[in-house]
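Trainee: Have a look at this fold, sequence not included:
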């Protein structure tokens, strides 16, 4: 009956002018709230600055090396099965436990601008944008939860788009025009830039999470037992208790374990146990070498269309995303810090 | 688990980030304007739906600090909740639309292709549906159309309308029963 109601009430889609008008109203509203600061720094992601971002991120993310790495057999090659890779990861799971005032997670997401193209001179090209998002989760709730964001600018999306952008003189500022185009006289291009804007920081509620898949509290995950068998049964119990186990497959377990690896302040033992639990999930496949949202190469493992990318050296998580969607994320920093929360300042 | 496999994560990211960086909000418009407008058009017709859909994103932007991730909720459901509130303010227009649907004459299908069969069925059923929807209490209609047209699940409707899931279930059952009876009578006559 629902399908019938849906089809009997259906109306033709809106005109392009109506969509454009709605978008224009929202942009005006947004412009009214936009911070008035001008950007001051120059280095462009689109012209090679990204490597610098990544290098800086990695340098900051690198902690003390873990003693466990020595004496472990050579890592499996790229043709290994997913369980072989995951068991190797369990042997090597190496990430400083450490301590500090805040557990800090810094991510960069990359997404395609689906409804907007860049335009410069005679060239029109597809574009994407990158954003940094950072969570500061306090050990002592009195210190407050903080969230940082930074718009890292737009960039030409594909190799073809990049070529068109280069033909236009590789501009750092250009126009954004709606795609599909609209004929409304009110349609105005947006000003786009390949440069990062200043970052922002704000205090957020205690239940605020590293928002990307937003299912589990990282601190709760870190409290799970670090023996693989105990971890598996604790995870199953939690899934049952929260009603997230109703799928009849291991997707929910996969999500929980990968969230543990992605966001939680877990000890090396717990990370190792999480990899062991993952190695027992038959649906996980080795997807081969893949780049993350900032261009770092790693080994991708996927469950259906949800994949993670592991650093082949130390099996930390480089990034993750959804197959076939133009949206993916790099994990740039993950660790305890005594720093005071500050806005992200990627260049 | 479907929420995991779609853009729920990206939605929450954009929404939270937009609190400090308002430009991020535009991504939600791009992602959901078509769905919201479809839903509004089903209830109000195209012209008023253009306004309601635009207004939904303005209201959502202004109240973005109040969004809370909650059990079963999602940014998408929250947007449908806002749209539903806006539609409710125009209930006279909504009821007028349903009464108009009830008056559309049955026109003979032009061709004998498969679509013509659907058109003929629609021509018979649409007036009955229009009458049934016009007669439903607004609260029951909200639930029915959030499920049937917006395709939200119980938990999402519960979050969108801020009513307990059990209430969603009972309103939905009542609404479906009325509509089924109205359509059934029409089919027999």
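Mentor: Yep, that arrived. Being a predicted model, the structure only gives us computed values, none of them experimental. Numbers count the residues shown, from 1 in each chain, chains lettered A, B, ... in the order given.
Trainee: Okay, helices next: where are they in chain B?
Mentor: B:2-5, B:8-20, B:26-44, B:46-62, B:75-88, B:91-103, B:114-135, B:138-148, B:154-161, B:165-188 (DSSP state H).
Trainee: could these go into TSV alongside mean pLDDT and mean neighbour count?
Mentor: (C-beta placed from N, C-alpha, C; glycine too.) As requested, the helices of chain B are arranged in TSV below (pLDDT from 0 to 100; neighbours: other CB atoms under 10 Å in any protein chain shown):
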stretch	mean pLDDT	mean neighbour count
helix B:2-5	34	16
helix B:8-20	73	23
helix B:26-44	92	23
helix B:46-62	91	20
helix B:75-88	91	22
helix B:91-103	84	16
helix B:114-135	72	17
helix B:138-148	93	22
helix B:154-161	87	22
helix B:165-188	81	15
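Trainee: mind putting the ones you listed in a markdown table, distance to residue A:148 included?
Mentor: Putting the helices of chain B into a markdown table (distance: least, CB to CB, whole Å) gives the following:
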| stretch | distance to residue A:148 |
| --- | --- |
| helix B:2-5 | 25 |
| helix B:8-20 | 8 |
| helix B:26-44 | 18 |
| helix B:46-62 | 21 |
| helix B:75-88 | 20 |
| helix B:91-103 | 43 |
| helix B:114-135 | 47 |
| helix B:138-148 | 35 |
| helix B:154-161 | 27 |
| helix B:165-188 | 35 |
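Trainee: To residue A:146, which of these lies closest?
Mentor: Nearest to residue A:146, of all those, is helix B:8-20, at 10.4 Å by CB to CB.
Trainee: Quick one: work out the angle between the closest one and helix B:46-62.
Mentor: 70 degrees (axes from the mean of the first three to the mean of the last three CA atoms, to 10 degrees).
Trainee: List of residues touching helix B:8-20?
Mentor: With contact meaning CB atoms under 8 Å, 6 or more residues apart in numbering or on different chains, helix B:8-20 is reached by A:109, A:111, A:131, A:133, A:147-149, A:200-202, A:204, A:208, A:211-214, A:327, B:24-25, B:27-28, B:31, B:61, B:64-65, B:67, B:69, B:74-76.
Trainee: pretty sure residue B:44 is touching residue B:97, no?
Mentor: Yes. Look at residue B:44 against residue B:97 with CB atoms under 8 Å: they come within range, at 6.1 Å.
Trainee: Show me what counts as buried in the lengthiest helix in chain A.
Mentor: Determined from DSSP H, the single longest helix within chain A is helix A:16-33. Judged by neighbour count (16 or more other CB atoms under 10 Å in any protein chain shown), helix A:16-33 contains these buried residues: A:18, A:19, A:20, A:21, A:22, A:23, A:24, A:25, A:26, A:27, A:29, A:30.
Trainee: quick one, what contacts the last one?
Mentor: In other words, residue A:30. Contacts of residue A:30 (CB under 8 Å, 6+ apart): B:22, B:23, B:25, B:26, B:61.
Trainee: Between which two of the residues you listed is the distance greatest?
Mentor: Distance extremes for the contacts of residue A:30: the farthest pair is B:23 and B:61 at 10.9 Å, using CB to CB.
Trainee: Need phi/psi at the nearest residue to residue A:320 once chain neighbours are set aside.
Mentor: Spatially, and ignoring its direct neighbours in sequence, residue A:320 is nearest to residue A:308 (4.6 Å; CB to CB, 6 or more residues apart in numbering or on different chains). With angles defined as degrees, to the nearest 10, residue A:308 sits at phi -120, psi 150.
Trainee: how far away is residue A:308 from residue A:298?
Mentor: For residue A:308, the distance to residue A:298 (CB to CB, to the nearest Å) stands at 9 Å.
Trainee: Over to residue B:78?
Mentor: When distance is defined by CB to CB, residue B:78 is 35 Å away from residue A:298.
Trainee: Residue B:169 now?
Mentor: Noted for residue B:169: a distance of 46 Å to residue A:298, by CB to CB.
Trainee: got it, and residue B:15?
Mentor: The value you get for residue B:15 to residue A:298, if CB to CB is used, is 29 Å.
Trainee: Next: residue B:38.
Mentor: Where residue A:298 is concerned, residue B:38 sits at a distance of 40 Å (CB to CB).
Trainee: Also residue A:162?
Mentor: Counting by CB to CB, the gap from residue A:162 to residue A:298 is 23 Å.
Trainee: pLDDT below threshold where in the stretch 101-250 of chain A?
Mentor: Within the stretch 101-250 of chain A, the ranges that satisfy pLDDT under 70 run A:114-115, A:179-188, A:207-214, A:246-247.
Trainee: which residues of it fall in strands?
Mentor: Applying DSSP state E, counting those that start in this stretch to the stretch 101-250 of chain A gives strands spanning A:102-120, A:123-138, A:145-156, A:173-178, A:190-193, A:200-204.
Trainee: wait, does the fifth one make contact with chain B?
Mentor: No. In terms of CB under 8 Å from any CB of the partner chain, no part of strand A:190-193 sits within range of chain B; the closest distance is 9.0 Å.
Trainee: for the record, mean pLDDT for the longest helix of chain A?
Mentor: The average of the pLDDT scores along helix A:16-33 is 84.
Trainee: The nearest residue to residue A:190 once chain neighbours are set aside: neighbour count?
Mentor: Nearest residue to residue A:190, sequence neighbours excluded (CB to CB, 6+ apart): residue A:176, at 4.0 Å. Residues near residue A:176, counting by other CB atoms under 10 Å in any protein chain shown, number 18.
Trainee: Please name the residues that touch residue A:176.
Mentor: Counting by CB under 8 Å, 6+ apart, residue A:176 makes contact with A:113, A:116, A:117, A:118, A:119, A:127, A:154, A:189, A:190, A:191, A:192.
Trainee: coming back round to it: looking at residue A:308 and residue A:298, which is more packed in?
Mentor: residue A:308 (26 against 20).
Trainee: quick one, what contacts that one?
Mentor: Residue A:308 neighbours (CB under 8 Å, 6+ apart): A:258, A:261, A:262, A:300, A:301, A:302, A:317, A:319, A:320.
Trainee: Alright, that wraps it up for me.
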